[in-house]
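> Coordinates only, no sequence provided:
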């Protein structure tokens, strides 16, 4: 049976690129995303066309049992989950405190923090039994410091980061490699940045900073590091690292 | 009208001691706690006996509208809230991942993170109008780093810390002083440590490390620093500081 | 015999204001600075005029034995040093790497890091014998994160911060309170900011951001917090805190 | 001309393993270490035997001009330095403050902080001209937090970390990739850990925690990550990451 790489949050940016990278090395990639069945199929097909093996599922991570059932189903019908990539963002754009509803604040937590807790609750016992497993968690600058109009995002991502550390403390010695991956900059991704900015502004940004300038994080390049992390020997594991474009400043400098 | 110091989480430890300290300087202290009406009355009476002015209310912070209604009521009937002390803990003791229910994890967030968000949503607009205000947030080691069996606590407190930073980023320039106060050690408090350990173990710990050893944080001494923070001139505000007993190691050394 | 508060780096900003604050509470303040004998005398006289007790000495902290001899002399002839304020800056302005000479880089270390090590080597054994003492260390944003053209300053201050933590780890339990005080913004001080900017630009900055705007840290207000720290009860000591003007952003937000 | 990977601090642990890894991919490895000419030759020969290309030089990094001259010589006679690995440790074992001489404290700084500054001063202008280059800096737990009896080590490594950040701030946008690599645990290395513990205790530790337990960081596995970092695409660079054995606790948990 092929080892499975389960990607939760498999949009056209980091998620599907990481899925493709693992698939290219023999993993069966399971791609889950909330909406856009067509985009999902395209990602799966594109992996298969390159000779990889993949499945795709729509999954609404804030719904009860959605994550739990998907994990159970994959384990039962596809194969043992060796790698989980938790790639759900919780960015809702800049909002002043009074424009941040209770609902938006709670939703941020459900996606960024609670969803990861549910994933861990489902897969960690399985991974402990098998003596190995990898949980790669995409994170954001807001996990390191709060900022203006980032109330929901910062609280949600700060919780996510501390959860990663507590998961690591309990499970690293049992063979589960938990990594908190700080994406500290804008990613050249149509499904997230593209949607936030709108098609025109996104294209303008790509022309000014992305493309040959390499000033936007390229998801395919990010995926190289995700894959490396999953291959690290257990005598030399990374728990936290940052990633940004060379031309960008790190969070502590702006 | 007296300025009001509203304490949410006014147990017999930090909460009531901070209330007393502010009352001794002319603030009207409003003490809120979830249970133990008798203990609440005792705290209020003891402040009044020392010449201070105080009120006490039972308040279940995880209930909808509880915080919002209390704040509205205090503003309408007692006076303008100049200082809020958010002192709700979310420690549920050490629990392995599989022993941490979804409910416990969510409750941690409701108390530690969402409760503060609700407080801020209610008081910040009022404080902005008045051009001043202080929000003192008690925090814990778990806000700085996750640890084994601290999944709920660390995620909740990590969210709280990042929220404090985002509140500060939006409101500091508008005259609201937000402080994240890291209580990095055990507090000599019957309502929290005492209840967690049970009366015998608590008394033993006090005899071995507390009392004349000063190895447990004394709430009355902590209150001195809370009060100092609220008096800092706006040209020299502190946003984050730690507090621990001299004989204890900081979180980064153990 | 009066307790002594020894201030190393007693310019017209933080240093002399902290000296004055401690003198106003009964300490004998010993002010040391490298140059400007006249300014030094003025600080001492001004403290005495307010009823305080003070002495002043020129001290070049990068010269061998200068610190050691001064400490020995104060202990022998003035009184036991209860509080040391290490207030030497090592800011040399913005300099690109190729404009930062080896000499400048080393000088930064001698003032910011090695000088504090020498102070600690001299006073800690005395304080351990007496079972108490306080070392208040002024620090800068550069201790928290390196930045462009801050090679010398950041390396020197980063060393200072880690030294403060290692001193705390060894000596806190022996009754010595070490505090790392992060001055995270511009101080309204003629001897440092004033000299760096020149009189005109300094005055312009004061008019635009300082004075009634309170957007520059006022040294007399900073001194209130230094004094509070030295009075904290040993059951509730702070090791690190930040200070900045309300209208300024913290280092993690710019 | 082959690209050069210059390793400063090429002992039998991380240094020579990283050199071998780069040599295996076509770099010419230049190994520099202070003593043990025989060990140095052995490392070089072993690389050559595997088909790689390497040179070895004795280099005392605390001597004036030693680093500068070596870099100039390599550039003139071997090839353009594409990657520098700064791997000098500055651990002097546990020493109480009064057992840490001024000389030892200064030596720590000369090796850990000033040496890196000298390297950067020499290679950065060359790398800027070429529009690319990589500086991989081995670091230690002491860069993140001071600890008891680590005065020299912590001050030196704290300075190193802040220097890495200031180098990154100036040179990342110019194509130089600076990475601060936190080795947060004991490395299975005869030249460092082996010498510090002595042969018997080292062997015992290896048997109890290392070897098939993978509880000591294996230098050959560390080298995989060093190599990956040097290959990261400039749109997705890492500036800081940690490495430790799976069975070890991170610095923030002990």
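Thanks, I have it. None of these values were measured; they are calculated from a predicted model. Numbering: from 1, shown residues only, chains lettered A, B, ... in the order given.

> Helices of the stretch 151-254 of chain A, residue ranges please.
Counting by DSSP state H, counting those that start in this stretch, one finds helices in the stretch 151-254 of chain A at the ranges A:151-171, A:195-197, A:199-208, A:219-231.

> Up against chain B, what does the stretch 1-150 of chain A have?
Residues of the stretch 1-150 of chain A lying near chain B by C-beta under 8 Å from any C-beta of the partner chain: A:96-98, A:100, A:102, A:105-106, A:109, A:113-114, A:117-118, A:120-121, A:124-125, A:142-143, A:145-150. (Each C-beta comes from the backbone N, C-alpha and C, glycine too.)

> Now list the buried members of the residues you listed.
Among these, those classed as buried by 16 or more other C-beta atoms under 10 Å in any protein chain shown are A:97, A:100, A:105-106, A:109, A:113-114, A:117-118, A:120-121, A:124, A:142-143, A:145-150.

> Can you say which of the helices of the stretch 151-254 of chain A is packed in most?
Most buried of the helices of the stretch 151-254 of chain A by mean neighbour count (mean count of other C-beta atoms under 10 Å in any protein chain shown) is helix A:151-171; its value is a mean of 29.

> quick one: is it near chain C?
No: figure legend: helix A:151-171 not in contact with chain C (C-beta under 8 Å from any C-beta); closest approach 10.9 Å.

> Tell me which other helices or strands that helix touches.
helix A:102-109, helix A:115-130, strand A:133-140, strand A:176-183, helix B:151-171 (3 or more C-beta pairs under 8 Å, 6 or more residues apart in numbering or on different chains; DSSP states H and E).

> check whether the second one contacts chain D.
No: using C-beta under 8 Å from any C-beta, helix A:115-130 never reaches chain D; the gap is at least 12.5 Å.

> Please state the offset of that helix from the chain centre?
Its chain's C-alpha centre and that of helix A:115-130 lie 16 Å apart, by C-alpha atoms, centre = their mean, to the nearest Å.

> what packs against it?
Counting by 3+ C-beta pairs under 8 Å, 6+ apart, the packing neighbours recorded for helix A:115-130 are helix A:66-77, strand A:81-86, strand A:133-140, helix A:151-171, strand A:176-183, helix B:102-109.

> With mean pLDDT as added columns, please give the ones you listed in TSV.
Shown next, in TSV, are those (pLDDT from 0 to 100):
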stretch	mean pLDDT
helix A:66-77	98
strand A:81-86	98
strand A:133-140	98
helix A:151-171	98
strand A:176-183	98
helix B:102-109	98
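
> and of the ones you listed, who's closest to residue B:238?
Nearest of the helices and strands packed on helix A:115-130 to residue B:238, taken as C-beta to C-beta: helix A:151-171 at 19.7 Å.

> what angle do that closest one and helix A:102-109 make?
30 degrees (axes from the mean of the first three to the mean of the last three C-alpha atoms, to 10 degrees).

> Pull the distance from helix A:151-171 to the chain's centre.
Centroid separation between helix A:151-171 and its chain, computed with C-alpha atoms, centre = their mean, is 14 Å.

> so where does residue A:42 fall, helix or strand?
Assigned by DSSP states H and E, residue A:42 falls within helix A:37-49.

> mind listing what's buried in that helix?
A:39, A:40, A:43, A:44, A:47.

> same check, this time on stretch A:62-78
The neighbour-count check on stretch A:62-78 (16+ other C-beta under 10 Å) flags A:66, A:67, A:70, A:71, A:74, A:75, A:78 as buried.

> Pick the one among these closest to residue B:241.
residue A:67 (38.6 Å).

> okay but the closest one is in contact with residue A:122, surely?
Yes: if you go by C-beta atoms under 8 Å, residue A:67 and residue A:122 touch, sitting 6.6 Å apart.

> Just the mean pLDDT for stretch A:189-209, thanks.
The average pLDDT within stretch A:189-209 is 91.

> How far does that stretch stretch from one end to the other?
Using C-alpha to C-alpha, to the nearest Å, the end-to-end distance of stretch A:189-209 comes to 13 Å.

> Find the residue closest to the residue nearest the centre of chain A in space, skipping its chain neighbours.
In chain A, the residue lying closest to the centroid (C-alpha atoms, centre = their mean) is residue A:87, at 1.6 Å. Spatial nearest neighbour of residue A:87, excluding adjacent residues (C-beta to C-beta, 6 or more residues apart in numbering or on different chains): residue A:9 at 3.5 Å.

> again, but for residue A:116
Nearest non-adjacent residue to residue A:116, counting by C-beta to C-beta, 6+ apart: residue A:86, 5.2 Å away.

> Dig out what that neighbour forms beta bridges with.
When bridges are called by DSSP bridges, residue A:86 pairs up with residue A:8, residue A:137.

> mind checking how far the closest residue to residue A:95 other than its chain neighbours is from residue A:65?
In space, and not counting its chain neighbours, residue A:95 is closest to residue A:149: 5.4 Å by C-beta to C-beta, 6+ apart. As for residue A:149, its distance to residue A:65 is 33 Å (criterion: C-beta to C-beta, to the nearest Å).

> about what we covered before: what would the helices of the stretch 151-254 of chain A look like in a markdown table with distance to residue D:167?
Output for those, formatted as a markdown table (distance: least, C-beta to C-beta, whole Å):
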| stretch | distance to residue D:167 |
| --- | --- |
| helix A:151-171 | 26 |
| helix A:195-197 | 32 |
| helix A:199-208 | 26 |
| helix A:219-231 | 21 |
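
> between the ones you listed, which gets nearest to residue A:35?
Of all the helices of the stretch 151-254 of chain A, it is helix A:195-197 that lies closest to residue A:35, at 10.9 Å by C-beta to C-beta.

> I am finished for the moment; much appreciated.
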